[in-house]
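> I'll drop the sequence and a predicted model, then ask my questions.
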Amino acid sequence: MEFSYKKIIIDSWELMKSKFSILILTTLFYFAVFFPINHFQGTLPPLTAAHILFSLAAFLFIKGLDLGYLFICLNIINKKQANFNQIFAQFYLLFSYILATIICLLITLLFALPGIIF
């Protein structure tokens, strides 16, 4: 089996060109939401209750959008229906995502701890 960059690029473009507008739209929407949130977060005084609550809410909202964006990309790759509304359809996975992240972090720390201590 030969590995060809040219074939990968051509196949990827053929897959994406029919859904290119949805990718551009969701990417622009993501940045249009992310940058103002990030800017507003920087204007709040640090380590206040408002800053902590806003940061937590912004983190959860952005992670929900990340999951939706990932879902759209996977649908495109798997040649399924992809539309803009799907960016909001994955918020129900937030709890599972955060729980899996915490478990992964704890396992990583468990295996790294002997190297840190000794």
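Happy to help now that I have it.

> excluding chain neighbours, what is closest to residue 90?
residue 67 (3.9 Å; CB to CB, 6 or more residues apart in numbering). Using the backbone N, CA and C atoms, a C-beta is placed for each residue, glycine as well.

> got the phi/psi numbers for residue 3?
phi -100, psi 110 (degrees, to the nearest 10).

> re earlier: where's the residue nearest to residue 90, which helix or strand?
Using DSSP states H and E, residue 67 falls within helix 49-77.

> which parts of that helix are buried?
For helix 49-77, burial by neighbour count (16 or more other CB atoms under 10 Å) applies to 58, 63-69, 71-73, 75-76.

> thinking again about what came up before, wouldn't the residue nearest to residue 90 be in contact with residue 95 here?
No - judged on CB atoms under 8 Å, residue 67 makes no contact with residue 95 at a distance of 11.3 Å.

> before we move on, the earlier item: out of the buried residues of helix 49-77, who's nearest residue 108?
residue 63 (19.0 Å; CB to CB).

> that closest one reaches residue 94, doesn't it?
Yes - between residue 63 and residue 94 a contact is recorded at 6.2 Å, counting by CB under 8 Å.

> run a quick neighbour tally on residue 15.
13 (other CB atoms under 10 Å).

> give the other helices and strands that the helix or strand where it lies contacts.
According to DSSP H and E, residue 15 maps onto helix 5-16. Helices and strands touching helix 5-16, by 3 or more CB pairs under 8 Å, 6 or more residues apart in numbering; DSSP states H and E, are helix 49-77.
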